[in-house]
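Novice: how would this look folded up:
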Amino acid sequence: MRVAIGQLWQESNTFNTLPTTLTDFEAFGIYEGDELLERMAKTNEPGGFIQSLRDWPERPQIVGLARFGAWPSGPLSADTFATITERMFAALRRAGTVDAVLLALHGSLVAVNQPDVEGYVLEEVRRIVGPTVPVVATLDLHANITQRMVQAANVLVLYHTTPHIDVMPTGRRAAAVLRRILIDGAKPVTAFQKIPIVVPAERANTQDPTSISYGFRQTLQQWEADPRVLCAGLATVQPWLDIPGLGNAVVVTTNGDEELAVSRCADLASAMARRRREYLTELVNVAEAVKTAHAEADGLVVLGDAADATTSGSTGDGTAVLAELVHYDWPRPALVTLVGPETVADARQRGVGAEWQAKLGGTRAPRVAKPITLTVRVERLFDARFVMTGHLADNLPIDMGQAAVLRYKNIHIVVTSRSGPHFSPQLFQSAGLDPFAASVLSARSPCGFRAAYTERARRIIMVRSPGCAPSDFWHHPYERIERPLWPWDEIGDWQPRPTLVQRNVQ
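Specialist: Okay, here's the model as predicted:
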């Protein structure tokens with residue numbers, strides 16, 4: 001028995017005009033063949049695949065295809081899209097006859113010439129392996145699931161958590177579903193419902209008992225405990241995609257039980273539509289948030305800068321929070337991050353201890369971010385490399401390139417050459433800073449940062465700032481989405497009508 005595995009992962013943001021190129025994938029790690037199996041055996045969804053397959057009594061041969069991963073950013077350039085997909089397909093063709101395919105995808109990957117990359121990939125994989133070989137794919141909870149994806153795959157297995165703390169377990173769940181198909185003879189039947197709704201990311205916290213998504217997660221996990229159900233997922237799509245077919249979705253796959261799949265899919269889609277307004281977010285303006293943080297004498301205050309979240313594909317060089325931090329004297333360090341390769345190069349040329357009037361931020365997305373000029377001191381030069389576990393990651397190597405810590409009074413500005421998890425405690429620690437001992441910390445993330453800071457922060461405040469990933473996204477100039485779509489439009493008493501997809505397997 002031969003099972004091929006591969007990964008193609010990036011979350012795109014079409015409002016970020018910086019294209020994602022092959023260099024971005026190379027920085028994050030491209031592995032092919034046996035190197036994929038060696039490098040990813042304990043990391044994220046591929047690690048879940050590999051560990052689970054090695055635990056099967058049948059001991060299948062695992063065939064490594066290719067792993068392409070890049071940090072969230074703008075859409076793929078046309079050349080990059082062509083290169084990485086052809087390398088993936090070529091690896092599958094070289095693999096010869098396989099009994100199944102496991103793919104770790106995101107679900108919101110967009111190229112400048114292809115709005116549904118995952119749908120395209122799954123269709124081509126299906127064409128290569130034929131109509132009866134099981135194809136099972138994992139997706140991020142923020143996937144934009146399309147009919148094309150559902151029809152090409154046998155099963156789509158989604159994360160259940162935001163913050164995403166079940167990344168490797170999702171790989172294990174997918175492998176378990178595949179075993180039920182290959183070994184136990186399960187016959188997947190999928191009910192799929194697109195919902196004409198897009199919701200902000202800030203309140204979609206599946207770990208907070210007060211959040212609407214907490215109940216939805218419990219429902220999905222209870223359903224998956226039912227032996228009749230192979231998997232169930234709710235995709236609260238990432239909103240910053242100006243593409244046709246944008247919207248939330250529900251997928252429920254059962255073992256041959258069409259009625260059960262349709263009824264549960266319809267029930268969850270109805271509940272999601274009915275409770276959509278609970279996702280609307282109240283934000284605090286930056287000046288007020290920073291003032292509140294300064295008044296908090298004890299403990300750490302975390303400011304969630306969601307609009308410029310690098311985890312949401314924004315540029316990470318907004319200065320709105322920094323511009324307010326400079327108005328106060330901080331008793332303990334104030335920590336803020338920036339993506340700024342030119343600033344890092346300048347700091348390295350000047351050296352540790354140098355002081356100069358630096359122009360910071362506002363170059364990667366000048367439409368939404370403004371630079372700030374400060375007299376800073378080069379406090380430290382370092383390479384922003386570490387291994388991250390937590391939101392989005394299990395043992396995931398991160399390389400954000402050369403970096404610098406610049407200091408203005410007691411404000412420590414961590415500047416990296418590349419985008420990455422600009423909320424991660426490991427980033428600050430690699431810079432020689434203790435994030436949990438700070439007075440205030442700016443986290444460029446809408447929700448995921450809570451996995452690291454909820455238990456240790458005295459207070460968390462979500463701020464309203466400029467960026468490519470705002471929570472009030474419906475005020476941005478979308479041109480390609482299909483209407484009506486909430487919250488752009490009212491949708492009244494919308495009723496679901498799930499479609500059924502059944503694909504024969506060997």
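Novice: give me the number of residues near the closest residue to S312 other than its chain neighbours?
Specialist: Counting by C-beta to C-beta, 6 or more residues apart in numbering, A469 is the residue found nearest to S312 once chain neighbours are left out, at 3.7 Å. In this view, the C-beta of every residue, glycine as well, is placed from N, C-alpha and C. Applying other C-beta atoms under 10 Å, we find 29 residues neighbouring A469.
Novice: Next, the contact list for A469, please.
Specialist: Going by C-beta atoms under 8 Å, 6 or more residues apart in numbering, A469 touches N13, F15, P239, W240, A306, A307, D308, A309, S312, G313, S314, P446.
Novice: 7 Å instead, please
Specialist: Taking C-beta atoms under 7 Å, 6 or more residues apart in numbering as the criterion, A469 is in contact with N13, W240, A306, A307, D308, A309, S312, G313, S314.
Novice: Which one of those is nearest to A365?
Specialist: S314 (7.3 Å; C-beta to C-beta).
Novice: What count of nearby residues applies to that closest one?
Specialist: 34.
Novice: For the closest residue to it other than its chain neighbours, give its distance to F15.
Specialist: Nearest residue to S314, sequence neighbours excluded (C-beta to C-beta, 6+ apart): C468, at 4.0 Å. Using C-beta to C-beta, to the nearest Å, we find C468 at a distance of 4 Å from F15.
Novice: Overlap in contacts, these two.
Specialist: Common contact partners of C468 and F15 (C-beta under 7 Å, 6+ apart): W240.
Novice: Those two - which one has more neighbours?
Specialist: Applying other C-beta under 10 Å to C468 and F15 shows that C468 carries more neighbours, namely 30 against 25.
Novice: Just the mean pLDDT for stretch 415-433, thanks.
Specialist: Mean pLDDT, stretch 415-433: 97.
Novice: for stretch 490-498, same thing?
Specialist: Stretch 490-498 shows a mean pLDDT of 95.
Novice: Other residues contacting the worst-scoring helix or strand of the chain on mean pLDDT?
Specialist: The helix or strand of the chain with the lowest confidence, counting by mean pLDDT, DSSP states H and E, is strand 499-502 at a mean of 92. Residues from elsewhere that reach strand 499-502 (C-beta under 7 Å, 6+ apart): V150, Q151, V189, T190, A191, F192, E258, V262.
Novice: 6 Å instead, please
Specialist: For strand 499-502, contacts defined as C-beta atoms under 6 Å, 6 or more residues apart in numbering pick out V150, Q151, V189, T190, A191, F192, E258.
Novice: Then stretch 320-333?
Specialist: 286-287, 290, 294, 303, 305, 334, 336, 372, 410-412, 438-439, 442, 465-466.
Novice: Quick check: end-to-end length of stretch 106-122?
Specialist: 12 Å (C-alpha to C-alpha, to the nearest Å).
Novice: avg pLDDT for it?
Specialist: Mean predicted confidence for stretch 106-122 is 98.
Novice: can you pull the buried residues of it?
Specialist: Neighbour counts using 16 or more other C-beta atoms under 10 Å place 106-112, 114-122 of stretch 106-122 among the buried residues.
Novice: Return the closest of these with respect to S424.
Specialist: Nearest member of those to S424, counting by C-beta to C-beta, is H106, at 19.0 Å.
Novice: ok, that closest one - contacts?
Specialist: Contacts for H106 (C-beta under 6 Å, 6+ apart) come out as W9, E11, D140.
Novice: Going by distance to E342, which of these wins?
Specialist: Nearest to E342 among these, counting by C-beta to C-beta, is E11 at 25.2 Å.
Novice: That closest one: how many residues sit nearby?
Specialist: 24.
Novice: now it: how far from L18?
Specialist: Taking C-beta to C-beta, one finds E11 at 14 Å from L18.
Novice: next one: N248
Specialist: For N248, the distance to L18 (C-beta to C-beta) stands at 27 Å.
Novice: Check V440 too.
Specialist: 28 Å.
Novice: of those two, who's got more company?
Specialist: Between V440 and L18, counted using other C-beta under 10 Å, V440 has the larger neighbour count: 27 against 17.
Novice: I figured the more buried one was touching G299, is that so?
Specialist: No: using C-beta atoms under 6 Å, V440 is not in contact with G299; the gap is 10.2 Å.
Novice: joint contacts of the two?
Specialist: By C-beta under 6 Å, 6+ apart, no residue touches both V440 and G299.
Novice: contacting residues for A174?
Specialist: V136, T138, V157.
Novice: From those residues, which land in helices?
Specialist: Taking DSSP state H, every one of the contacts of A174 sits outside helices.
Novice: Looking at those, spot the one nearest M272.
Specialist: Relative to M272, and with distances defined as C-beta to C-beta, the nearest of the contacts of A174 is V157, at 18.9 Å.
Novice: How many residues are close by R277?
Specialist: Neighbour number of R277 under other C-beta under 10 Å is 10.
Novice: Surely it is in a helix?
Specialist: Yes: under DSSP: H, G, I helix; E, B strand; the rest coil, R277 falls within a helix.
Novice: In space, what's closest to W240 - neighbours in sequence excluded?
Specialist: Setting aside the residues directly before and after it, W240 is nearest to N13 in space (C-beta to C-beta, 6+ apart), at 4.4 Å.
Novice: L338 in helix, strand or coil?
Specialist: Taken by three-state DSSP, the conformation at L338 corresponds to strand.
Novice: right, and it touches G318 too?
Specialist: No: using C-beta under 6 Å, L338 makes no contact with G318, being 8.3 Å away.
Novice: still on that earlier bit, the residue nearest to S312 and T311: what is the separation?
Specialist: According to C-beta to C-beta, A469 and T311 sit 9 Å apart.
Novice: got it, and G390?
Specialist: Going from G390 to T311 by C-beta to C-beta gives 12 Å.
Novice: which residues in the stretch 301-450 of the chain form helices?
Specialist: Ranges of helices within the stretch 301-450 of the chain are 320-325, 341-350, 425-430, 450-453, based on DSSP state H, counting those that start in this stretch.
Novice: how would you label G171: helix, strand or coil?
Specialist: Strictly by three-state DSSP, G171 counts as helix.
Novice: circling back: got JSON lines for the contacts of A469, with pLDDT too?
Specialist: Converted to JSON lines, these look like this (pLDDT from 0 to 100):
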{"residue": "N13", "pLDDT": "98"}
{"residue": "W240", "pLDDT": "97"}
{"residue": "A306", "pLDDT": "95"}
{"residue": "A307", "pLDDT": "96"}
{"residue": "D308", "pLDDT": "97"}
{"residue": "A309", "pLDDT": "97"}
{"residue": "S312", "pLDDT": "97"}
{"residue": "G313", "pLDDT": "97"}
{"residue": "S314", "pLDDT": "97"}
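Novice: so can I have TSV of the residues you listed showing distance to D329?
Specialist: Output for those, formatted as TSV (distance: C-beta to C-beta, whole Å):
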residue	distance to D329
N13	36
W240	36
A306	27
A307	27
D308	25
A309	28
S312	32
G313	35
S314	29
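Novice: Buried residues, the strand ranked longest in the chain. List them.
Specialist: Longest strand of the chain, by residue count under DSSP state E: strand 372-390. Buried positions in strand 372-390, judged by neighbour count with 16+ other C-beta under 10 Å: I372, L374, V376, R377, V378, E379, R380, L381, A384, F386, M388, G390.
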